[in-house]
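Colleague: Take this sequence and fold it.
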Amino acid sequence: MTKNITATHLTAAYEKARFELLTERGPHGHWVGELATSALSTATAVSALSLVERHDFMIEDGGLFDRQSKALSPDHKAVCGVPGGPLHDVRRETGNRTDLSKLILRGIHWLADHQNPDGGWGDTDRSYSNIATTLLAVSAFRLTGVPADHSDLLDRAQQYIDSHGGVCGLRKRYGKDKTFAVPILTNCALAGIVPWSEVSALPFELACIPQRFYHFLQLPVVSYAIPALVAIGQAKYFHQRPFNPLLRLIRSLAVPTSLGVLQRIQPASGGYLEAVPLTSFVVMSLASTGRASHPVARQGVEFLKSSVRPDGSWPIDTNLATWNTTLALNALSASGEQIEELAPLDWLLDCQYREVHPFTGAAPGGWGWSDLSGAVPDADDTAGALLALAAISSQDTRNTLRRADISRAAKAGCRWLFDVQNRDGGWPTFCRGWGKLPFDRSGADLTAHALRALHVWRHLLADTQLDVAIRCGFAYLTNQQAPDGSWTPLWFGNQDQSAEENPVYGTAKVLLAYQDLNRGETPEARRGFNWLVTHQNEDGGWGGGPALADQFGPGRTSSVEETALAVEALLHKRGEPDFEPAISRGLEWLVESVETGRYLECSPIGFYFAKLWYYEKLYPLIFMVSALGQANHRIPPWLDKEPAAAHLSC
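Modeller: The predicted model follows:
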């Protein structure tokens, strides 16, 4: 930075960011946001729709299957998943251009236009290539049989796949977790890229066991992947039957019951988790086994048709409306704004689950990431909603009925958090004690968020239960702190860091819990604050990497999201000589990014599941408002004058 900021600069930057955030608020009073377009989602959707369209053309003589009995013909394996096979020929000869055909063609052309220079594809248009998404993109091209505009596209993609180890490289990426590796290999097998012997058999018969026993079964997939377990497990079974006759019998008998489970847990929207990849894997698996007309497949297709974007691509998920709204409200409240009239209270209360969730069996009281039917209650979104309700309640002192409604919802939400806390003291995402696979285990970021939420509602809670939960939570955080003082989050990463982790996000989020619960001077917190200071980039920001440097010029490597989070955490140390220089440089970076318009630029820092990257349009804006708002609300001593008090116009 070439100049020092003043209070005037800081106030102007905050008001500009705040205005932009309020502009993004939807007509119904909440924030919806916009998730990144995804090559991975687009590839899986194209594959699913291609297989569904293929099975709309039934060949009566050599028959694929009987429409009524849905029994597979002996020739099933000869025609399914083989580009150029009989069904491809039927489609070409008829020249039929259905709605599905149009979607498939647009998706394929989008993929062709977004191949990276190295021949691969990344999860988003700002992501590095990876073996998983590249295999899925190639599978989409193979299944459609549509020639690409670029003649060498598949050759370059194959070179990328070979150079990254092919199937072995894919397995190395995911390790023991089969949640995503098996669906990818299934998609590849359906496209004829790999033999079915490469696809692990998933025990779909276990889905017939009552849900309350799932966490005892040590399933090879994470808790939210039951639809994939069932549909992909059945696809493997139909395409390559097990040698063991007893296992064949068990799985044969389990097909109708497990399919019933799949239908029962499908949300009204048709999209499992509102996620395009998961829904696509279910649809393609059912279609490949002759059940393209099954209600689950039909509803899944409708979800894919409704979620496609105008350019022919698909996002990773429909939206993060609940998450974005609570983040925005908490950012504005922390900035000293009056949000009681701004907050969509009725909408937020309606987003709370009041019945046992059919997908994960979660008890009532939690919140999911969206107001849509495919969302699932989880610890992070429940904590965010509880913090937002506390902010609303603290400002609205007049309406007794409103405060009573908020208190009832808060008690239920806190009970939900108490019930899902793991034995290790930390909080998982969805289910208590499910397992150790990625995204099922406890996470430092989730635990810190839950601790802050419980603490802010401590006046409603039993002291003993709260004390135990907080003590165990901080013991977990102490155990999870790295020797260098940092914490690693579960749901956020940085594609330029080792192991694709994001210690800036994790450390900042954990330190907020230490501060809120008056533990900011503990040795663990001091090490965390010192880690943030020592990992500030030369440009004054945090995080980022070469991809951002390429986008914004030499020396501009930091990201808006990570810099804002680091500054927000460090602001608690304002006035201390060891931290003031870092805070000052960080604020200068943020203010300049607002002045230059860079504050709206997103970085792919989000993990959806199994290292599936995304970015969200509102993240940089919300994090910026939170950091600048808190700095503006309490002007640091090294700025030149007090600004006028900020007031939110509704």
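Colleague: so what's residue 427 bridging to?
Modeller: Applying DSSP bridges to residue 427 gives these bridge partners: residue 443.
Colleague: Make 39 the first number, not 1, from now on.
Modeller: In the new numbering, first residue 39, that becomes residue 465.
Colleague: quick one, domains of the protein?
Modeller: In terms of domains, the chain is parsed into 39-68+527-673, 75-353, 357-518 (source: automatic domain parsing).
Colleague: what about stretch 202-210, average pLDDT?
Modeller: Mean per-residue pLDDT for stretch 202-210: 92.
Colleague: my bad, stretch 382-393
Modeller: Averaged over stretch 382-393, pLDDT sits at 95.
Colleague: Tell me how far that stretch lies from the chain's centre.
Modeller: Distance, stretch centre to chain centre, for stretch 382-393: 21 Å (CA atoms, centre = their mean, to the nearest Å).
Colleague: that older thread, just checking, which of the domains of the chain comes out with the lowest mean pLDDT?
Modeller: Ranked by mean pLDDT, the domains of the chain bottom out at domain 75-353, which scores a mean of 82.
Colleague: How far off centre is that one?
Modeller: With CA atoms, centre = their mean, you get 20 Å for domain 75-353.
Colleague: from memory residue 137 sits against residue 343, does it?
Modeller: Yes. Residue 137 is in contact with residue 343 according to CB atoms under 8 Å; the separation is 7.0 Å. No exception for glycine: its C-beta is placed from N, CA and C like everyone else's.
Colleague: Please compare the two by neighbour count and tell me which comes out ahead.
Modeller: residue 343 (14 against 11; other CB atoms under 10 Å).
Colleague: in what helix or strand does residue 218 lie?
Modeller: helix 216-228 (DSSP states H and E).
Colleague: Keeping just the C-alphas, turn that helix into CSV.
Modeller: Extracted in CSV, the C-alpha atoms of helix 216-228 (Å, rounded to 0.1, in the frame of the first residue of the first chain):
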residue,chain,number,x,y,z
LYS,A,216,-16.0,-43.7,-1.2
THR,A,217,-18.6,-40.9,-1.1
PHE,A,218,-17.4,-39.3,-4.3
ALA,A,219,-14.9,-41.8,-5.8
VAL,A,220,-17.5,-44.5,-6.4
PRO,A,221,-20.1,-42.2,-8.0
ILE,A,222,-17.4,-40.8,-10.4
LEU,A,223,-16.2,-44.3,-11.3
THR,A,224,-19.9,-45.3,-11.8
ASN,A,225,-20.3,-42.4,-14.2
CYS,A,226,-17.1,-43.5,-16.0
ALA,A,227,-18.3,-47.1,-16.2
LEU,A,228,-21.6,-45.9,-17.7
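Colleague: That one: which residues count as buried?
Modeller: For helix 216-228, a neighbour-count test (16 or more other CB atoms under 10 Å) marks 216-228 as buried.
Colleague: Of those residues, which is the nearest to residue 354?
Modeller: Among the buried residues of helix 216-228, residue 218 lies closest to residue 354 (CB to CB), at 12.7 Å.
Colleague: Count the neighbours of residue 201 for me.
Modeller: Counted with other CB under 10 Å, residue 201 comes out at 13.
Colleague: correct me, but residue 268 touches residue 294?
Modeller: No. Applying CB under 8 Å as the test, residue 268 and residue 294 come out as separate, 11.4 Å apart.
Colleague: Against which helices or strands is the strand or helix carrying residue 206 packed?
Modeller: For residue 206, the element it lies in under DSSP H and E is helix 204-212. Judged by 3 or more CB pairs under 8 Å, 6 or more residues apart in numbering; DSSP states H and E, helix 204-212 is in contact with helix 169-182, helix 216-228.
Colleague: Reformat the ones you listed as JSON lines; add distance to residue 521.
Modeller: As requested, these are exported to JSON lines (distance: least, CB to CB, whole Å):
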{"stretch": "helix 169-182", "distance to residue 521": "31"}
{"stretch": "helix 216-228", "distance to residue 521": "30"}
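Colleague: who are the neighbours in contact with residue 574?
Modeller: 580, 604, 620, 623, 624 (CB atoms under 8 Å, 6 or more residues apart in numbering).
Colleague: With respect to residue 507, which of the residues you listed is nearest?
Modeller: residue 604 (27.6 Å).
Colleague: I'm done for today, thanks for sticking with me.
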